[in-house]
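J.: 3D, please:
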Amino acid sequence: MQLYSELYNCYYNIMHDLLNKNGGFSRPELETTVTASGFQETVLYLLPKITDGEWTFFKKDGELYLSTLDDKPPFVLSLLQKRWLKAILSDVRIQLFFSEEQLTELSRVLCDIEPLFSQNDFYIFDQFTDGDDYTDDTYRSHFQKILSAIKTGQYLNIEFESPRNRRVHHWYLPCKLEYSIKNDCFRVLALGVHGKNPNNYFTINLSRISRLEETGKYAAERPDIDTYITNGYNSEPVTILIKNERNTLERAMLQFANYKKKTAQINNTTYQCEIYYNKGNERELLIEILSFGPTIQVIGNKHFLRLLKKRLANQKNLL
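T.: Okay, here's the model as predicted:
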C-alpha cells in the first residue's frame, strides 16, 4: 500500500529477500535477482552498493557474496501498520478467514493498539439489508471448510437451497470465493462432480448452505475455473457508455471489477465498456448499472435492454 511505500519500499523488500535466503550469491545471481524483483534501473543503483561494500550487509568470499548478519532480518510492523491491521480486523468479513485461535492471538498482540479507523466511519448505501450473518457459528464453520477445500483441492458434500427453493445435494469441488457488495454476501464458485470428473460450474450462496461435509477425497489436478466461467458467459456482452461525471469512471471500474470487461475511450468525457457476465449474475449486474443513474447508458445487448426497461417501468408504477 502507498501508506507504507516509504518504509517498506522496493529496495527494502529486495534486500530483505536476499538476506533471508540461505547460502551466497554470485554476482550474476545477484544481478538476476535484483532485476527480477525491481525496476529496469534498480540494478544500476542497488547492485554497486552491495558488491562495492557501501552497504555492509554482504561480504565477498571467493566468487560468492555472503550475508554479514548472524540472524535473518525480521519484518517489523510500524505503529501505522498495526493501527491499520487493528482496523480491518474489526470487519466481521475479514474475521471469516481466520480461525478462532488466530483471532484470539491477533487480539492479544494488538490489544493496546488504537485502530486507524472504525467501521462506523463508513456509510454504505444502495445495498440490500438482508446480507449474510457473518457471526453465525455454522456460517463461519462452512466458510472455513470451503476455504480449506479451495487450498487443498478437496471435494465437499454440500446440501443447499437453490434460488427457486429447491433442495440440492451433491458433491462439489470449491474453486473460488467471491463477495457481492450489492447483496452483502459470500458465494462459492464450484464445479459439480459427475462420476470422477468435475463438470458443470455452479455459484452457491453460503447463506443457503444447510449442510456441508468434508469427503476426504481430493482432485488429482486443479481445474481452471476461469475457463468454465468464460464458457458460461452470455453470448453477447452488455455494452455501456460511461460519462465521466462525478468520478463515474473510477467508481464504475471499481463496481465492475469482478467482471471481465473491455474499456475504450470515445472522447474526453465518454468511455465505452463491454461487460461479460454469466446468466446467474444478470439481475445483480442490472441493479449495479441502474445505480449509476444517467451517467451510464446501456447501448448494447437487446435482451439486457428489455430487462432494464421492464425494471424501470415496474419502478415507475410503484410511484
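J.: Tell me how far the most far-flung residue of the chain relative to its centre lies from residue 259.
T.: Ranking residues of the chain by C-alpha distance from their mean position (Cα atoms, centre = their mean) puts residue 62 at the top, at 45.8 Å. Distance of residue 62 to residue 259, computed by Cβ to Cβ, to the nearest Å: 55 Å. All C-beta atoms are positioned from the backbone trio N, CA, C, and that covers glycine.
J.: now do residue 130
T.: For residue 130, the distance to residue 259 - Cβ to Cβ - is 23 Å.
J.: One more: residue 301?
T.: Residue 301 is 13 Å from residue 259, where distance means Cβ to Cβ.
J.: What is the subsequent helix or strand relative to the helix or strand bottoming out on mean pLDDT in the chain?
T.: Least confident helix or strand, the chain: strand 197-205 with a mean of 79, by mean pLDDT, DSSP states H and E. Going down the chain from strand 197-205, the next helix or strand is strand 209-218, by DSSP states H and E.
J.: Now do the longest strand along the chain: everything it contacts.
T.: Identified as the longest strand of the chain according to DSSP state E is strand 167-180. For strand 167-180, contacts defined as Cβ atoms under 8 Å, 6 or more residues apart in numbering pick out 93, 143, 146-147, 149-150, 153, 155-162, 185-193, 198, 202-204, 215, 219, 222-223, 225, 258, 284.
J.: let's see it at 7 Å
T.: The contact list for strand 167-180 (Cβ atoms under 7 Å, 6 or more residues apart in numbering) reads 146-147, 149-150, 155-162, 186-193, 198, 202, 215, 219, 225, 258, 284.
J.: Just the buried ones out of the residues you listed, please.
T.: 146-147, 149-150, 155-156, 158, 160, 186-191, 193, 198, 202, 219, 225 (16 or more other Cβ atoms under 10 Å).
J.: Okay, and which of those residues map to strands?
T.: Going by DSSP E, the strands hold 155-156, 158, 160, 186-191, 193, 198, 202 from these.
J.: spatially speaking, which residue is in the middle of this structure?
T.: residue 178 (7.5 Å).
J.: any idea how far it lies from residue 119?
T.: For residue 178 relative to residue 119 (Cβ to Cβ), the value is 21 Å.
J.: can you check residue 227 too?
T.: Distance, residue 227 to residue 119, by Cβ to Cβ: 37 Å.
J.: ok, how many other residues are close to residue 173?
T.: When neighbours are counted by other Cβ atoms under 10 Å, residue 173 registers 24.
J.: Excluding chain neighbours, what is closest to residue 141?
T.: residue 212 (7.8 Å; Cβ to Cβ, 6 or more residues apart in numbering).
J.: So the one you found sits against residue 142, correct?
T.: Yes: if you go by Cβ atoms under 7 Å, residue 212 and residue 142 touch, sitting 4.9 Å apart.
J.: tell me the mean pLDDT over stretch 47-65?
T.: Taken as a whole, stretch 47-65 carries a mean pLDDT of 87.
J.: in it, what's buried?
T.: 47, 50-51, 57-58, 65.
J.: what's the most distant pair in those residues?
T.: 47 and 57 (12.8 Å; Cβ to Cβ).
J.: in the stretch 1-150 of the chain, which segments are predicted with low confidence?
T.: Within the stretch 1-150 of the chain, the stretches with pLDDT under 70 are 1-7.
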